[in-house]
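**Student:** Please work out how this folds:
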Amino acid sequence: MRKLLTWLALGAVAMTLSTQAQAGATLDRVMEKKAMVVATNSGWPPQSYLDDSNQMVGFDIDVSREIAKRLGVEIGFETPDWATLTGGRWQGRYDLGVGSVTPTKPRAQVIDFVGVYYYSPYVYVVHNDNTAKTVTDLNGKVIGVETATTSEDFINRRLEIDAPGVPPIEYKLEPGEVRTFADSMLPFDDLRLGDGIRLSAVIAPEQTARNAIKNGYPVRVLEGEYAFREPLVVIAEKVDPDWTAKVGGIIAEMKKDGTLATLTTKWYGKDYSAD
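**Tutor:** Sure, this is the predicted structure:
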């Protein structure tokens with residue numbers, strides 16, 4: 001018994017030391033190096049993408065740069081796959097994730113939600129030749145979604161948004177088939193080929209759909225038929241509450257002083273910063 005108590009005591013001390021070693025780890029690293037690494041996407045216009053000069057641009061990129069500016073640090077970007085970005089366990093490879101991530105219950109187990117920085121409606125998008133007027137007109141059709149996203153969770157009826165004040169999800173669509181794509185624009189590339197040739201509809205953020213239309217895709221949004229509306233959060237690894245609080249405070253300031261309203265309007269033509 002005495003040996004058992006000794007081992008338990010040593011274990012408790014080791015756990016305490018481990019916790020102390022983690023406290024402030026990310027914040028200290030960023031402030032000491034005067035640089036931070038942001039995980040984001042490279043092919044999701046207008047949120048984040050490579051321009052003609054091979055430079056990262058977009059709404060999420062501008063938000064990231066503003067956070068870095070207010071921290072007084074330089075910034076670098078990495079573009080892991082979506083599952084890696086949202087899966088946590090970064091082991092210090094990234095300091096923040098700024099990729100328009102939805103706070104879901106499964107994600108809450110593996111990453112910190114630093115703060116909501118805007119809100120996004122998801123819409124149904126059809127080819128211009130499609131005669132659908134309501135979502136029920138799409139029942140039994142082939143629907144395209146980006147894989148490992150909330151649109152895939154939604155179409156499979158397993159979406160659980162983990163944020164206060166979000167209304168219950170309503171499922172009206174009964175798809176005949178769901179096709180998943182590794183990139184946000186790939187389903188639009190299939191949809192642009194014609195109504196029903198590969199897809200009958202795509203479920204995507206309104207901003208992505210509007211950007212596709214702006215770039216000449218022969219598609220339209222099914223008006224008045226939001227699939228769901230979601231808050232989007234900046235994320236961090238679950239290792240440093242001080243870092244999460246620090247960046248969360250910056251996001252709150254950016255919302256209060258109108259910076260997020262300005263940036264959403266710049267990239268989306270509409271203020272998506274208010275709930």
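
**Student:** So for the chain, the centremost residue is which one?
**Tutor:** residue 101 (1.9 Å; CA atoms, centre = their mean).

**Student:** max-length strand in the protein?
**Tutor:** strand 219-237 (DSSP state E).

**Student:** Please identify which helix or strand holds residue 210.
**Tutor:** Residue 210 is part of helix 206-214 when elements are defined by DSSP states H and E.

**Student:** got the angle between that helix and strand 219-237?
**Tutor:** If you take axes from the mean of the first three to the mean of the last three CA atoms, to 10 degrees, helix 206-214 sits at 140 degrees to strand 219-237.

**Student:** Which elements pack onto helix 206-214?
**Tutor:** strand 111-127, helix 186-191, strand 219-237, helix 259-268 (3 or more CB pairs under 8 Å, 6 or more residues apart in numbering; DSSP states H and E). All C-beta spots, glycine's among them, are computed from the backbone N, C-alpha and C.

**Student:** mind listing what the residue nearest to the centre of the chain touches?
**Tutor:** For residue 101, the contacting residues are 85, 86, 107, 111, 232, 233, 234, 235, by CB atoms under 8 Å, 6 or more residues apart in numbering.

**Student:** from memory the second one sits against residue 107, does it?
**Tutor:** Yes. With contact defined as CB atoms under 8 Å, residue 86 reaches residue 107; the gap is 5.7 Å.

**Student:** Now the common contact residues for the two.
**Tutor:** 101, 235.

**Student:** Go ahead and confirm residue 43 touches residue 181.
**Tutor:** No. Assessed by CB under 8 Å, residue 43 is found out of contact with residue 181, at 11.1 Å.

**Student:** what about the two, which has more around it?
**Tutor:** Taking other CB atoms under 10 Å, residue 43 and residue 181 do not tie; residue 181 has more neighbours (19 against 14).

**Student:** That one contacts residue 147, doesn't it?
**Tutor:** Yes. With contact defined as CB under 8 Å, residue 181 counts as touching residue 147 (6.4 Å).

**Student:** in this structure, which spans are helices?
**Tutor:** 2-22, 25-33, 59-71, 82-86, 105-108, 150-155, 186-191, 206-214, 241-256, 259-268 (DSSP state H).

**Student:** now those helices in CSV, with distance to residue 168 and mean neighbour count?
**Tutor:** Conversion of those to CSV gives the following (distance: least, CB to CB, whole Å; neighbours: other CB atoms under 10 Å):
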stretch, distance to residue 168, mean neighbour count
helix 2-22, 37, 10
helix 25-33, 35, 17
helix 59-71, 28, 21
helix 82-86, 23, 17
helix 105-108, 14, 14
helix 150-155, 13, 22
helix 186-191, 26, 21
helix 206-214, 20, 21
helix 241-256, 25, 18
helix 259-268, 25, 19
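
**Student:** Any chance of JSON lines for those helices, columns mean pLDDT and distance to residue 198?
**Tutor:** Below are the helices of the chain laid out as JSON lines (pLDDT from 0 to 100; distance: least, CB to CB, whole Å):
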{"stretch": "helix 2-22", "mean pLDDT": "39", "distance to residue 198": "48"}
{"stretch": "helix 25-33", "mean pLDDT": "95", "distance to residue 198": "43"}
{"stretch": "helix 59-71", "mean pLDDT": "98", "distance to residue 198": "29"}
{"stretch": "helix 82-86", "mean pLDDT": "91", "distance to residue 198": "22"}
{"stretch": "helix 105-108", "mean pLDDT": "91", "distance to residue 198": "30"}
{"stretch": "helix 150-155", "mean pLDDT": "95", "distance to residue 198": "16"}
{"stretch": "helix 186-191", "mean pLDDT": "98", "distance to residue 198": "4"}
{"stretch": "helix 206-214", "mean pLDDT": "92", "distance to residue 198": "15"}
{"stretch": "helix 241-256", "mean pLDDT": "97", "distance to residue 198": "39"}
{"stretch": "helix 259-268", "mean pLDDT": "96", "distance to residue 198": "27"}
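
**Student:** out of the ones you listed, nearest to residue 127?
**Tutor:** helix 186-191 (5.7 Å; CB to CB).
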